[in-house]
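Participant: the following block contains a protein sequence and its predicted model.
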Amino acid sequence: MKTKVIPAKLALSIKDENLAEKYAQELNKFGFEIIKITPRGVSFRGAIHLFEKVFKSEVETKDDEHKFITLLILPKEIKDSVDSIYFPTKPIFFK
């Protein structure tokens, strides 16, 4: 069975491209694939079990949307100036 890979975003509380680059490198060391780096954060992806291992929180999946069940614990390598780590949702379009 193929492991499901899901996207996530790390949002910084400050605008700092160097910090975003540093955190992208750390996320990559944990095993995540980096999608995009901006001064406000990092888009990345990985297997559900990797999110659960790194952030110490179970991930719930429902209708192709994901969320952390409990408050996640940030590793010390990416702890400072992080507003949130979240799973982006699909946009809803209105007619």
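Facilitator: Now that the structure is in, tell me what you want to look at.
Participant: the chain: helices as residue ranges?
Facilitator: Taking DSSP state H to define them, one finds helices in the chain at 17-30, 48-55.
Participant: would you turn those helices into JSON lines with mean pLDDT, mean neighbour count and distance to residue 3?
Facilitator: C-beta: built from backbone N, CA, C; applies to glycine. Written out in JSON lines, the entries for those read as follows (pLDDT from 0 to 100; neighbours: other Cβ atoms under 10 Å; distance: least, Cβ to Cβ, whole Å):
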{"stretch": "helix 17-30", "mean pLDDT": "98", "mean neighbour count": "16", "distance to residue 3": "15"}
{"stretch": "helix 48-55", "mean pLDDT": "96", "mean neighbour count": "17", "distance to residue 3": "7"}
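Participant: got the contact list for stretch 46-54?
Facilitator: Under the criterion Cβ atoms under 8 Å, 6 or more residues apart in numbering, residues 3-6, 8, 30-33, 57-59, 61, 66, 68, 75 lie in contact with stretch 46-54.
Participant: again, 6 Å this time
Facilitator: Stretch 46-54 has contacts (Cβ atoms under 6 Å, 6 or more residues apart in numbering) with 3, 5, 30-32, 58-59.
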